[in-house]
Structure formats: C-alpha cells, structure tokens
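Peer 1: Prediction below, plus the sequence it came from.
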Amino acid sequence: MQLTPDGDCREASFTAKGAGLRVPSLSAVQIEYLAPSGWTPLYYGEVRQGGNARDVNGETYILRSFAQALKEVTLPPGFSAPKQPAHLTVRAIIQAALPQLAGLVLYDAALCPDLGYDCREIKNANQQTVSAFLEQIAEDGAGMGVTVGWGVRPDRHFFFRPARTDTATLSESETLDLQWKPPIAETPYTAVLWFVAQHAGDWLTHLSQSPDAATYRRRVKPLPVMPGVEGIRGSAYTFTATGFWSAPPDRIPAILSGTDPISQYLLLLGQDDTQVIEAVFTLTEPAARLRVDVYFGGTHPGDTARYLELTAPDGRTLRRDAAQYGSTAVGGFLGYMRDTLYAGAVPWPAGTVIRLVSTPDPAQPVGNRLANLSFTRLVPERANAEVLDRLAQHHYSVPASEPADIELATYRAPADLAGRVTLNDYTRAVEAWEYRLTAGRGLTLAALTGQADDPAKLAQAALIKARDGQATITALTAQT
C-alpha cells in the first residue's frame, strides 16, 4: 500500500479470490490496521484491477488512488470563481464536486488551509474536470514558490496543502532491509521551452533550464503557457522628451505604462513652427517585443511626417510611418498607430533606443505648423522568466541520485510520515511510503527514496507523458 509523503493513497495491491472476497470492480475499499491506539486507516481507493466473482484460485487486486476519480468528475455548468486566495477556490471546487461522489470523499476545511497565494480567475469552467483545475491551482502555487500536495487520505478526507518537507531520522536498529535501486531515466527533462505568446505566426518563447543540464545535457520539454499565468512582464526603461506636456508630471509614468485609469492622453506639443518633437525610451532591461499605441497629429493632417524608429539588435534602424496605418480620426486625433514589434530569436537588448518622432507639417501655413503627438502607451515586454523558471521546476525530471528501498520494523501512522528521511549520512526526499503486510514479517513500512519504484510502472508513466507531449506539439503547431 503506497502513500505519498503528503498522504495521498497512491496504489495498493494484494491477492485474493474474487469468488470469496466479493468486491466488484471500481468498488471503494478502505484498509485499516489495528494499531496500539486502535483501528487506523492505512489506505483508501478504488478497485482498478480484480473483482471477478467467479475466480476461485486467487487474482491480483490493484487499488488506485481516489484522487484519480477526480479526473472523471466535472464541475457543474456555469461554475466560476474570482481571483482570490487559492484555498477558497479549492473549497468551492470540492464542494461543487462532492454531490457527484455520493459521500465517498469527505471535506474538512482544516486540511485545505490558506496557502498564502491567489490563484487565477475561473471565468467559466465549461464543465472541465475537477482534477484539471486542482492541477492548475497547484501550478499557480509553483509559480509563487509554493509546492502543493493534494489527494485523498486513507481516512477518505480530501486535502490540498503545502507539501511536507519535514525529515524523519531513521536508525540502523529499526532498519530491517536496505536495498540500493538502479536509477531510471524514462523521460528525462532538464529544460522547458515555454511558448508564451503568438503574433503573426511567430512565437515569443522562453527557455527555462535546470542546473542538471550541465550534467545530463539540455533535454527539452515544450509547453504552452496556460491562460491566467503571468507569462509576460514589462521591461524597465528610462524616458525623456522634447516639447512640453499637457499632463501633470506625476501621472506621466502611469499613462506611459497604460495603467492610468483616467482616459487622458499624454500629449507632447511643439513650441514653434520648426521644433521636432521626440519621445525617447531607452531600455534598461532586454525586451522580446514592443507594443505601441500612439496617436499622431491633432487637428491637421501630415501624418507622413510622423514615425516611430528604433535600433534593432543587429544595428539596423527599424522605422514605422504613421501613414501605413491610415489617417482615421480616433478620439479627435489623426494618424493612429498600434503595432507589436517582435525581436525574433534575439531580444531587444538593454540600451535599445526607441523614438517616437513628430515633425511640423510644412503643408500648413506658418504659425499653424506646431508638431504634436499623443500616445496611450509604449510597452516593452519580455517573458516573465521569474515565474516561468519556478513553474519549470514542476516539470524537470532526471535520474534519481542513489535511490533506495529502506524497510523499517517500526510502525508509523499515515499522519506521521515525513517528506524526507535521514539514515546515517544518507538524506533524500521520499518518493512514496509503502506499507507491506506479509505472513513472515507482519506489517512493515518502507521509505522509497528517489525513483525506487517498479520500472514497469515508470515505463507506463513514460508512455502517458509521451502522449501528453505529442498532444502539446499538435496544439502548438495548430495555432496560427
């Protein structure tokens, strides 16, 4: 009977006669142990294999985690939740799903505590599965640096809480057996290539890489950034301009970044008929793309004289004339430019200079040639490396370092299982705890560290991951 350190019932197996046990397929089964403190649940799950009522020779029963059943329960039509503390959304999801589980899973708010971060809004669940949204909330936590464990405990209670990181110190006297297991590398990943955003058929990407790439080389897992994840962030810049302002200086930064809630444009005006107006941005951080939202002109035409220019990473000057966007009057202004400029494989480096330029209109009479320009925002953007690199740790997979199967003579209840174990100079994270019941030894407990698991199970997991990866590639290449 395997449990994760956090308490989720992973898998259990035993041999019994189907004709005698009379437990049909997909039955809910709870296994209890008579400990000194009384009957203690050790495992709870559904019959995945076994249950032939005519079997009289004995067959292998395999119980699966009840958390797997949450992949088969959908949220009700119209389910939604605001951006709020994650545990509140988890509570709403589970309480919406409980009626479909007919009392098989129990909920206790104490097992779903405040996790210290907000999860993304669910506008409409579209009857997707409970498991899909729980994984999404756990992923939000990974992006915030919070590792979450969730599942269904042996006592049938659902939990969603920070993963256990405590350490159990083991002694040689309580160790019945120690087996060193061979490391297994079915699906190694040392990097994640994030597909962040798409424009005109090209993707803005970001590569997150584990330090293990230095040892095992770069082994890439391609993934799209899921909706609601803040995969893009603004790049910092400095700003200067010639001309004079029509907006208060203390509001200029908010207007430039597009965060000003008041619908008022930042307007630069010339002071005489010959002055060329420039709004100059200098990147202090690299940017992967530039979003521009600018109005040229005021009451006069002459948009051909207005342009945006910047120096590309290879030294070329890139220029966008307002004329190519037309001269449609928007909000009283002529010559409206909205564009998204991608840098391609090479980002716009720090030091890139971006100029918005407007010149006097020579077609106008002297005294009426004042240049002006107005814009709502010019936003340099790049992939949010901080968030994406934390999320990527969820997906890295390398061969375990010195995996082991440590079998103990001492009893520990499921509530007392730890996230790590120490035996002499050996300290590792626990992959799973396994209760074993045999005629020779009775009940024993083993700590499986690293990848000390059945290679056949890992191979099956690899096949599932491979299918998921192929689905990811298909989805990414299908988007245009």
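Peer 2: Thanks, I have the structure now. Numbers count the residues shown, from 1 in each chain.

Peer 1: now Arg289, which residues is it bridged with?
Peer 2: Judged by DSSP bridges, the bridge partners of Arg289 are Tyr342, Glu381.

Peer 1: State the distance from it to Leu207.
Peer 2: Distance, Arg289 to Leu207, using CB to CB, to the nearest Å: 16 Å. Backbone N, C-alpha and C define where each C-beta goes, glycine included.

Peer 1: out of the two, which sits in the more crowded spot?
Peer 2: Using other CB atoms under 10 Å as the criterion, Arg289 and Leu207 rank with Arg289 on top: 23 against 15.

Peer 1: wait, that one sits on His199?
Peer 2: Yes. Between Arg289 and His199 there is a contact at 7.1 Å, judged by CB atoms under 8 Å.

Peer 1: care to break the protein down by domain?
Peer 2: With domains defined by automatic domain parsing, the chain comprises 2-67, 233-383.

Peer 1: From the rest of the structure, what touches the helix or strand Ala429 falls within?
Peer 2: Element membership of Ala429 [criterion: DSSP states H and E] is strand 426-438. Strand 426-438 has contacts (CB atoms under 8 Å, 6 or more residues apart in numbering) with 1-5, 10, 14, 33, 42-43, 167, 400-404, 407, 412, 414, 417-421, 443-453.

Peer 1: In strands, which of these appear?
Peer 2: Mapping the contacts of strand 426-438 onto strands (DSSP state E) picks out 2-3, 10, 14, 33, 42-43, 167, 404, 407, 420-421, 443-449.

Peer 1: Quick one: buried ones out of the residues you listed?
Peer 2: Neighbour counting with 16 or more other CB atoms under 10 Å marks 2-3, 10, 33, 42-43, 404, 407, 420-421, 444-449 as buried within the ones in strands among the contacts of strand 426-438.

Peer 1: Name every strand pairing with the strand holding Ala429 and say which way it goes.
Peer 2: Strand 426-438 sits in its sheet next to strand 2-3 (antiparallel), strand 420-423 (antiparallel), strand 442-449 (antiparallel), going by DSSP bridges.

Peer 1: Any chance of JSON lines for those strands, columns distance to Glu135?
Peer 2: Shown next, in JSON lines, are the strands paired with strand 426-438 (distance: least, CB to CB, whole Å):
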{"stretch": "strand 2-3", "distance to Glu135": "20"}
{"stretch": "strand 420-423", "distance to Glu135": "24"}
{"stretch": "strand 442-449", "distance to Glu135": "23"}
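
Peer 1: Could I get those in a markdown table, plus columns for mean pLDDT and distance to Thr187?
Peer 2: Converted to a markdown table, those look like this (pLDDT from 0 to 100; distance: least, CB to CB, whole Å):
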| stretch | mean pLDDT | distance to Thr187 |
| --- | --- | --- |
| strand 2-3 | 93 | 20 |
| strand 420-423 | 94 | 24 |
| strand 442-449 | 93 | 18 |
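
Peer 1: Pop out the phi and psi values for the spatially most central residue of the chain.
Peer 2: With distances taken as CA atoms, centre = their mean, Glu139 lies nearest the centre of the chain, 4.0 Å away. For Glu139, the backbone dihedrals (degrees, to the nearest 10) come out as phi -70, psi -40.

Peer 1: got a list of what it touches?
Peer 2: Shown in contact with Glu139 (CB under 8 Å, 6+ apart): 226, 229, 391, 394.

Peer 1: Over to Ala69?
Peer 2: So Ala69 contacts 46, 101, 104-105 (CB under 8 Å, 6+ apart).

Peer 1: Can I take it that it is in a helix?
Peer 2: Yes. The assignment for Ala69 (DSSP: H, G, I helix; E, B strand; the rest coil) places it in a helix.

Peer 1: looking at this structure, which helix or strand does the model trust least?
Peer 2: Sorting the helices and strands of the chain by mean pLDDT, DSSP states H and E puts helix 455-478 at the bottom, at a mean of 45.

Peer 1: how about stretch 120-135: buried residues?
Peer 2: 120, 122, 125, 129-131, 133-135.

Peer 1: Quick one, which of the contacts of Glu139 are buried?
Peer 2: Among the contacts of Glu139, those classed as buried by 16+ other CB under 10 Å are 229, 391.

Peer 1: Throw the contacts of Glu139 into CSV and include secondary structure and distance to Thr175, thanks.
Peer 2: Formatted as CSV, these follow (DSSP: H, G, I helix; E, B strand; the rest coil; distance: CB to CB, whole Å):
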residue, secondary structure, distance to Thr175
Met226, coil, 43
Val229, coil, 44
Leu391, helix, 38
His394, coil, 32
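
Peer 1: Among the contacts of Glu139, which one sits closest to Arg319?
Peer 2: Val229 (34.3 Å; CB to CB).

Peer 1: Spit out the contact partners of the closest one.
Peer 2: Shown in contact with Val229 (CB under 8 Å, 6+ apart): 120, 139-140, 143, 387, 391.

Peer 1: In CSV, list the residues you listed along with pLDDT and distance to Arg64.
Peer 2: Shown next, in CSV, are the contacts of Val229 (pLDDT from 0 to 100; distance: CB to CB, whole Å):
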residue, pLDDT, distance to Arg64
Arg120, 86, 29
Glu139, 82, 23
Asp140, 84, 26
Gly143, 76, 29
Val387, 86, 33
Leu391, 84, 27
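
Peer 1: what's the closest of these to Thr282?
Peer 2: Thr282 lies nearest to Val387 out of those, by CB to CB, at 25.6 Å.

Peer 1: Wait, a helix at the closest one?
Peer 2: Yes. If the criterion is three-state DSSP, then Val387 is within a helix.

Peer 1: Tell me who's in contact with the nearest residue to it once chain neighbours are set aside.
Peer 2: In this structure, Val387 finds its nearest non-sequential neighbour in Gly143, 4.7 Å apart by CB to CB, 6 or more residues apart in numbering. Residues near Gly143 by CB under 8 Å, 6+ apart: 229-230, 387-388, 390-391.

Peer 1: at 6 Å what do you get?
Peer 2: With contact taken as CB atoms under 6 Å, 6 or more residues apart in numbering, Gly143 is in contact with 387, 390-391.

Peer 1: Adding distance to Ala439, write the residues you listed out as JSON lines.
Peer 2: Output for the contacts of Gly143, formatted as JSON lines (distance: CB to CB, whole Å):
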{"residue": "Val387", "distance to Ala439": "53"}
{"residue": "Arg390", "distance to Ala439": "48"}
{"residue": "Leu391", "distance to Ala439": "47"}
